[in-house]
Structure formats: structure tokens, C-alpha cells
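> Mind looking at a prediction? Sequence and model below.
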Amino acid sequence: MLQFGKYLIFISNLFVNRERFVVYVKLVVDECVGIGINSIFIVAIVSTFIGAVSALQTAYNLISPLIPLYVIGQIVRDMTVLELAPTITCIVLAGKVGSNIAGELGTMRITEQIDALEVMGINSVSYLVLPKILGALITIPMLVIMAGFLSITGGFLAGTFAGQLTEVEYIQGIRTDFKQFSVTFAMIKAFTFAFLIASISAFKGYYAEGGALEVGKASTQAVTASCIAILFADFILAQMLAEFLAH
């Protein structure tokens with residue numbers, strides 16, 4: 001609870017004594033490049049193969065002749081949009097982006113760069129952390145959209161090339177009983193997870209103490225805490241979705 005209270009104070013300091021808006025523009029653009037563009041390759045590889053494996057595993061388990069083959073596309077679509085694209089993508093990004101944020105801020109802490117900013121009268125939390133959170137909120141939902149598209153495409157390629165179903169059947173499954181709110185819900189997850197990854201990783205790195213060994217430990221703690229927070233938030237949001245659909 002002590003750490004949670006410290007985290008809430010840390011978040012509240014983001015909006016106190018901020019710099020001018022112009023100062024943040026370049027910082028946010030730089031963070032968008034570091035968080036978003038540099039993560040495209042790993043997200044593309046993971047999401048494509050997850051979609052391909054989901055389609056093949058679903059096809060191999062549909063042994064009843066009474067179940068139409070287009071159900072494969074429907075299952076891949078729902079799994080991707082509701083769970084695989086937002087959650088798995090953000091867990092991957094927690095490992096890549098989270099450790100990078102924690103390591104960067106931890107190094108600045110032990111080399112006293114953060115102390116130098118404080119001496120100059122700059123709110124170091126707002127100056128260093130706010131652009132990272134905004135960059136994550138901008139780029140991670142975009143990566144989730146890309147992951148969803150590539151995952152469904154990967155399922156299409158794997159299912160059709162393996163001869164499990166035809167192109168028409170897969171596309172029919174994607175279109176059958178599609179609920180637009182599923183995409184909205186995936187975006188809610190993406191924004192929530194993006195904030196958790198950036199803020200928790202920055203918190204762990206900002207308060208790192210000691211030397212290089214402690215920076216490594218802070219990075220590890222950032223990844224672990226971010227993944228746990230993502231899974232916990234995923235459970236809460238899934239419960240809220242169930243309540244929403246029930247009413």
C-alpha cells in the first residue's frame with residue numbers, strides 16, 4: 001500500500017508546475033518514435049504468428065462435421081479483437097518499452113541528471129515522464145490496431161494455405177455476427193494498458209537507487225509490475241464487459 005500511495009503521488013506530480021506546451025511537442029514526438037515505430041517489427045511478428053496458430057489450432061479441434069468451417073474465422077476474429085491483440089501486444093510491449101523506460105530514467109537518477117533538473121527548478125516528473133505517457137497513449141493503441149489486423153490476416157493465410165478452409169469461408173466467419181463494440185472495447189483496453197505500462201515503468205525507474213545493478217533490478221521490476229497490472233486490469237475490464245452485455 002505504501003508503494004501504491006507513492007505511485008499516486010507520482011502521478012499527481014505530472015500535472016504540477018508543467019513546462020510550456022511547446023516544450024512537450026518535440027519530447028512527445030521523440031517518445032512516439034521510441035515507443036511506437038521501434039516496436040512495429042516485434043509486434044508484427046508476434047501478432048501474425050499468433051493469428052496463424054489460433055486458426056490452425058481451432059481448425060484441428062473442430063472435428064464435428066455439424067460445425068461449419070467459417071466458425072474458424074469467427075473464433076479467430078473474436079479472440080484477436082477482444083483478447084489477443086490488446087493484451088498479448090501490451091504484454092510484449094511491457095517487456096520492450098517498459099524495461100527501456102525504467103532503464104532510461106534509472107540511469108538518469110543514478111547519474112544525478114534528475115537532481116540537476118530539480119536544482120534548475122524544473123518539475124522532473126512532468127518534464128521526463130509526461131511525454132512518455134502521452135507517447136504511449138498515442139502509439140500503443142495504433143500498434144494494437146495493427147496487431148489485430150495482422151493477426152486476422154495471419155489466420156487467413158495459415159488457414160487457407162493449409163487447406164483447412166477456403167478464403168470465402170474465412171471471410172464469411174469474420175463478418176458473421178460482428179459486434180462493433182468489440183473494437184471499442186479493445187481500444188479501451190489499449191489505452192488503459194498503455195497508461196499502465198508507461199506510468200509504472202517510469203515510476204520504477206524514477207525511484208531507482210544505487211548503481212548499475214539497481215537500474216537492472218528496476219527494469220526487471222518494471223516489467224513484472226506492468227505485466228501483473230495489465231492482467232489485473234484485463235480481468236476487471238472483462239468483468240465490466242460481461243456486466244455491460246448482461247444489461
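That came in fine, so what should we check first? Residues are numbered from 1 along each chain as shown.
> any idea how far S39 is from the most centrally placed residue in the chain?
The centroid of the chain falls nearest to C90 when counting by CA atoms, centre = their mean (2.4 Å). Distance of C90 to S39, computed by CB to CB, to the nearest Å: 11 Å. C-beta here means a position set from N, CA and C on the backbone, and glycine is covered the same way.
> where does the protein dip in pLDDT?
Scanning the chain for pLDDT under 70 picks out 1-2, 245-247.
> can you map out the strands along it?
Here the chain has no strands by DSSP state E.
> So V215 is in contact with T107, correct?
Yes: counting by CB atoms under 8 Å, V215 touches T107, with 5.8 Å between them.
> out of these two, which sits in the busier spot?
Here V215 and T107 are compared on neighbour count by other CB atoms under 10 Å; more neighbours surround V215, at 23 against 17.
> Can you give me the buried ones in stretch 59-76?
A59, L62, L69, Y70, V71, I72, G73, Q74, I75, V76 (16 or more other CB atoms under 10 Å).
> Generate TSV for these, with distance to L165 as supplementary columns.
Formatted as TSV, these follow (distance: CB to CB, whole Å):
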residue	distance to L165
A59	7
L62	10
L69	4
Y70	7
V71	9
I72	6
G73	7
Q74	11
I75	12
V76	11
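> what's the closest of these to G34?
V76 (31.5 Å; CB to CB).
> In terms of secondary structure, what does the helix ranked longest in the chain contact?
For the chain, the longest helix by residue count, based on DSSP state H, is helix 124-161. Applying 3 or more CB pairs under 8 Å, 6 or more residues apart in numbering; DSSP states H and E, one finds that helix 124-161 contacts helix 21-35, helix 40-61, helix 71-79, helix 89-93, helix 99-110, helix 113-119, helix 167-175, helix 181-206.
> One more pass at 7 Å, please.
Under the contact definition 3 or more CB pairs under 7 Å, 6 or more residues apart in numbering; DSSP states H and E, helix 124-161 sits against helix 21-35, helix 40-61, helix 71-79, helix 89-93, helix 113-119, helix 167-175, helix 181-206.
> Just want the angle from it to helix 181-206.
140 degrees (axes from the mean of the first three to the mean of the last three CA atoms, to 10 degrees).
> show me the contacts for G135.
For G135, the contact set (CB atoms under 7 Å, 6 or more residues apart in numbering) comprises V28, E31, C32, I35.
> Farthest-apart pair in those, please.
The largest separation in these, counting by CB to CB, is between V28 and I35 at 10.2 Å.
> Which one's more surrounded, the two?
I35 (25 against 18).
> close enough to count as contact, the more buried one and L134?
No: at 10.0 Å, I35 and L134 do not qualify as touching, with contact defined as CB atoms under 7 Å.
> Next one: G154 from F49, what distance?
Counting by CB to CB, the gap from G154 to F49 is 6 Å.
> In terms of packing, which of the two has more residues around it?
A direct count of neighbours by other CB under 10 Å for G154 and F49 places G154 higher, at 23 against 14.
> And for that one, nearest residue in space, chain neighbours not counted?
Among residues not flanking G154 along the chain, G51 sits closest, at 3.3 Å (CB to CB, 6 or more residues apart in numbering).
> residues near that neighbour, how many?
G51 has 29 nearby residues by other CB under 10 Å.
> who touches it in this structure?
V76, T80, L150, S151, I152, T153, G154, G155.
> Flag every buried residue along the longest helix of the chain.
Quick answer for helix 124-161 (16+ other CB under 10 Å): 124-152, 154-160.
> Ok, stretch 110-124 next?
Residues of stretch 110-124 classed as buried: I110, I114, L117, I122, N123, S124 (neighbour count, 16+ other CB under 10 Å).
> And for it, what's in contact with it?
N13, V16, N17, R18, M108, Y127, A208, G210, G211, V215.
> how about these, which pair is most distant?
Using CB to CB, the pair of the contacts of stretch 110-124 lying farthest apart is R18 and G211, separated by 31.2 Å.
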